[in-house]
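> let's see this in three dimensions:
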Amino acid sequence: MCPKTPVQDKTYGAVVASCQHYAEIYEVEGARLEALHNFILRGVRARTVSEHFRNPDPLRGSYAPDATPRSYVLGLPREQKDTGFRIRGDSTRRASTIMLAYHNQYLVGRRNVGVVTIIKSMDWPPKLEWRGGASPGHAYIPKGQTPLYKDVCEVMAAYEIAREELFTYVQKVGAKAQRVWP
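Numbering: from 1, shown residues only. A predicted model of the protein is given here:
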């Protein structure tokens, strides 16, 4: 079930309550640093998960004009060759709230462990434009229209899709992920 309003947190600002949790931490064992980092790159992620970079990517959405792209949760801007997310206004960058860390030496005797932290946040730039590269032309979020990512349930869906895509990716690179908090 999706909450309808953001929950204010004194430390993190506006965040989304994920029913019970708005932050999660996972350990990833068996993945190289490069493999874990490459999850953020759409082409590598799609090639790994669906075995071809042109196959559908749940975070990118379909190529239909009314598709809902959700890759903004991986950070902004996400733009290449005049397609993707572009920030409008005063902001120039928004780091992802899905953070990846890699430890060569981790806790007692454990080596090469990735740590993924997900904080479900609503503090995305207020002016965001999406440009799709599919024919015909580009799809835009028109100026003045409230972007879909400001809807709490849509943001929750984006984080859930990103998390599931991460688990699938981790499995495909021969690693395993396990939740360690909460």
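> can we go C-alpha only for contacts and neighbour counts from here?
Fine.
> residue ranges with poor pLDDT in the chain?
Using pLDDT under 70 as the threshold, the predicted model of the chain has low-confidence ranges 1-21, 56, 60-69, 77-80, 82-83, 86, 91, 126-151.
> remind me, longest helix of it?
Among the elements of type helix in the chain, defined by DSSP state H, the one spanning the most residues is helix 152-172.
> list the contacts of residue 166.
Contacts for residue 166 were tallied using C-alpha atoms under 8 Å, 6 or more residues apart in numbering; they are residue 39.
> next one: it from residue 159, what distance?
Separation of residue 166 from residue 159 (C-alpha to C-alpha, to the nearest Å): 10 Å.
> cool, and residue 59?
9 Å.
> now the helix or strand hosting residue 48 - C-alpha only, CSV.
For residue 48, the element it lies in under DSSP states H and E is helix 42-50. Extracted in CSV, the C-alpha atoms of helix 42-50 (Å, rounded to 0.1, in the frame of the first residue of the first chain):
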residue,chain,number,x,y,z
ARG,A,42,21.5,1.7,-18.5
GLY,A,43,23.2,-0.1,-21.4
VAL,A,44,25.2,-2.4,-19.2
ARG,A,45,22.2,-3.0,-16.8
ALA,A,46,19.9,-3.8,-19.7
ARG,A,47,22.5,-6.1,-21.4
THR,A,48,23.1,-7.9,-18.1
VAL,A,49,19.4,-8.2,-17.0
SER,A,50,17.6,-8.8,-20.4
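> which other residues reach that helix?
Contacts made with helix 42-50 from outside it, assessed by C-alpha under 8 Å, 6+ apart, are listed as 38-39, 52-57, 165, 168-169, 172-173.
> can you flag the buried ones in those residues?
Judged by neighbour count, with 16 or more other C-alpha atoms under 10 Å as the criterion, the buried members of the contacts of helix 42-50 are 39, 57, 165, 168, 169, 172.
> how far does stretch 22-35 stretch from one end to the other?
Across its full length, stretch 22-35 reaches 26 Å end to end, with C-alpha to C-alpha as the criterion.
> sorry, back to before: the more surrounded of residue 59 and residue 159?
Each of residue 59 and residue 159 had its neighbours counted (other C-alpha atoms under 10 Å), and the higher figure belongs to residue 159 (25 against 22).
> my guess is that one contacts residue 73, does it?
Yes: applying C-alpha atoms under 8 Å as the test, residue 159 and residue 73 come out as touching, 6.7 Å apart.
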